[in-house]
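> Here's my sequence, what's the structure:
(chains A and B)
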Amino acid sequence: ETAVFQTPNYHVTQVGNEVSFNCKQTLGHDTMYWYKQDSKKLLKIMFSYNNKQLIVNETVPRRFSPQSSDKAHLNLRIKSVEPEDSAVYLCASSFGTKNTLYFGAGTRLSVL
Amino acid sequence: GEKVEQHESTLSVREGDSAVINCTYTDTASSYFPWYKQEAGKSLHFVIDIRSNVDRKQSQRLTVLLDKKAKRFSLHITATQPEDSAIYFCAASLASSSFSKLVFGQGTSLSVVP
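Modelled structure (predicted):
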């Protein structure tokens, strides 16, 4: 049963454009994450919010910025996309910071 | 920081046989080790985990073994079925008082052949 919802499913854009991805969870969790999965399926954490506060901010380019309006929402904005940003962006949530992650279906970004 | 390595990038077994996927980690302070499964075209979902206070955990056909001395843990799947075919990711994290983030292995693509 899907409880972490991501939009859009796919997005195709050109270099230099701005994109935004949305994520909402209905599980009542207090922690949300953005992971990037590249073409080789490697998973890397980008950001994490706990109770609307940023608690993990990995070394990602400054053009990436997370936005959290409340515990149930965590969006990701990319200011000026680059070709290497092409990937699947996975949103996840958990209760607390040390428990099972529930992943959304992902947003596949293609940068032309 | 923590690094997690999955030794097999691909694994093929016959239906009904057992499959074993191995992972190693580098940080001795890591204490939480989950496994996730990603079926073709789908997202990840949790399958089983183990914490460092035990060295074995079983859930139906899945067993996780943890060897803290060797910094190694493994996923054992018995009586494999075609629906077990997927990419399996192991992960590790610290269990300190502050936030701990999961570090994932590279994934092992398991194929269960009829």
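> use CA for all of it now, contacts and neighbours both
Fine.
> ok, stretch A:92-102 near chain B or not?
Yes - on the criterion CA under 8 Å from any CA of the partner chain, stretch A:92-102 is in touch with chain B at A:Thr97, A:Lys98, A:Thr100, A:Leu101, A:Tyr102.
> How far off centre is that stretch?
14 Å (CA atoms, centre = their mean, to the nearest Å).
> Now the nearest residue to B:Ile50 once chain neighbours are set aside: which helix or strand?
Take B:Ile50 and drop its neighbours on the chain: the residue closest to it by CA to CA, 6 or more residues apart in numbering or on different chains is B:Phe33, 5.3 Å away. In this structure, B:Phe33 sits in strand B:30-38 according to DSSP states H and E.
> Show me how far that strand is from its chain's centre.
That offset, for strand B:30-38, works out to 6 Å (CA atoms, centre = their mean).
> So what are the sheet partners of it and their directions?
Sheet partners assigned to strand B:30-38 using DSSP bridges are listed as strand B:44-51 (antiparallel), strand B:86-94 (antiparallel).
> which of the residues in the first one are buried?
Which is strand B:44-51. B:Leu44, B:His45, B:Phe46, B:Ile48, B:Asp49, B:Ile50, B:Arg51 (16 or more other CA atoms under 10 Å in any protein chain shown).
> And the first one, what's its pLDDT?
I take that to be B:Leu44. We have a pLDDT of 93 for B:Leu44.
> For it, give me its contacts.
By CA atoms under 8 Å, 6 or more residues apart in numbering or on different chains, the residues touching B:Leu44 are A:Tyr102, A:Phe103, A:Gly104, A:Ala105, B:Tyr36, B:Lys37, B:Gln38.
> Against A:Glu82, how distant is A:Val4?
27 Å (CA to CA, to the nearest Å).
> So the two - more neighbours on which side?
Using other CA atoms under 10 Å in any protein chain shown, the more surrounded residue of A:Val4 and A:Glu82 is A:Val4, with 22 against 17.
> From A:Arg62, how far out is the more buried one?
26 Å.
> now A:Gln25
Taking CA to CA, one finds A:Gln25 at 25 Å from A:Arg62.
> Looking at these two, which is more packed in?
A:Gln25 (25 against 9).
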